[in-house]
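Sequence plus the predicted model coming up.
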Amino acid sequence: AQTVTQSQPEMSVQEAETVTLSCTYDTSESDYYLFWYKQPPSRQMILVIRQEAYKQQNATENRFSVNFQKAAKSFSLKISDSQLGDAAMYFCAYRSPNTGNQFYFGTGTSLTVIP
Amino acid sequence: DTGVSQNPRHKITKRGQNVTFRCDPISEHNRLYWYRQTLGQGPEFLTYFQNEAQLEKSRLLSDRFSAERPKGSFSTLEIQRTEQGDSAMYLCASSPYGYEQYFGPGTRLTVT
């Protein structure tokens, strides 16, 4: 099975600053999808950003962008101009098109935004 | 469209009892997933439906767990003879194409 590793259990950032959350994954597949999900305290998970492995261009959604390094199997999330509402658990997820739509999640990074 | 809903939101049960959770996906989504999430961990895949067909089950899903999606709409997850190790958040997600998933708020199970 694919594994997803988030090596930073906790991160903090000053409001309005930039923070990068790391994610690496292990796969032998060439085509797959990667996601970052946000889970605010006591609230449901919501999709932040997605990346198709066949696309070389890094995905961007407003203040959120990714640095996708396929050869290195790395998929980091950059949050610019951090806001208090960005405080949450962030999960990196991998989806294989070949193993029945299973999603594999990392253990998460808890982000604190300091006012 | 109100999103994915799950009921109940919290369930406390005694060890050995049976519990059933319900998930109502987004109406046009034909794919439905169940996950289990324990404290400090990411969601772990349990099972997946496409319409009413249960296409995949995790090896984590013991014989005490069963899931159904009888008409390809809502789904239920039943745990028989609950154990303390079953205490967790049970998440449901739905997807229109399997490309990305939309999660419900979860059902928090506490087994005493």
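Right, received. Where do you want to start?

My guess is B:Thr38 contacts B:Ala88. True?
Yes: applying C-beta atoms under 8 Å as the test, B:Thr38 and B:Ala88 come out as touching, 4.8 Å apart. To be clear about C-beta, it is placed using only N, CA and C from the backbone, and glycine gets the same treatment.

the more surrounded of those two?
Set side by side, B:Thr38 and B:Ala88 show more neighbours around B:Ala88, with 20 against 12, by other C-beta atoms under 10 Å in any protein chain shown.

so what's residue 112 closest to, chain neighbours aside?
Unless you meant another one, I'm taking chain A. A:Ser12 (4.2 Å; C-beta to C-beta, 6 or more residues apart in numbering or on different chains).

that's the wrong chain, I wanted chain B
Here the residue nearest B:Thr112, using C-beta to C-beta, 6+ apart, is B:Lys14, at 5.6 Å.

likewise B:Lys71?
Closest to B:Lys71 by C-beta to C-beta, 6+ apart is B:Glu52, at 6.4 Å.

quick revisit: which of the helices or strands spans the residue nearest to A:Thr112?
strand A:10-14 (DSSP states H and E).

Is the residue positioned nearest the centre of chain B bridged to anything, and to what?
When C-alpha atoms, centre = their mean is applied to chain B, the residue found nearest the centroid is B:Trp34 (3.6 Å). Bridge pairing for B:Trp34 (DSSP bridges) gives the partners B:Thr47, B:Cys92.

Could you do B:Ile79 as well?
B:Val19, B:Phe65.

show me the contacts for it.
Residues in contact with B:Ile79 (C-beta atoms under 8 Å, 6 or more residues apart in numbering or on different chains) are B:18-20, B:64-65, B:86, B:109.

helix, strand or coil for the nearest residue to A:Leu84 once chain neighbours are set aside?
For A:Leu84, ignoring the flanking residues on the chain, the nearest one in space by C-beta to C-beta, 6+ apart is A:Val113 at 5.2 Å. With DSSP: H, G, I helix; E, B strand; the rest coil as the basis, A:Val113 sits in strand.

and what of A:Gly85?
Once three-state DSSP is applied, A:Gly85 turns out helix.

Over to B:Gly42?
Taking three-state DSSP as the rule, one finds B:Gly42 in the coil state.

got the residues of chain A near chain B?
By C-beta under 8 Å from any C-beta of the partner chain, the residues of chain A that approach chain B are A:4, A:33, A:35, A:37, A:43-47, A:50, A:91, A:93, A:95, A:100-108.

Let's see the ChimeraX selection covering just the buried ones among the residues you listed.
Buried members of the residues of chain A next to chain B, defined by 16 or more other C-beta atoms under 10 Å in any protein chain shown, are picked up in ChimeraX with:
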select /A:4,33,35,37,44,45,50,91,93,95,101,102,103,104,105,106,107,108
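
In strands, which of the residues of chain A next to chain B fall?
A:4, A:33, A:35, A:37, A:46-47, A:50, A:91, A:93, A:95, A:103-105 (DSSP state E).
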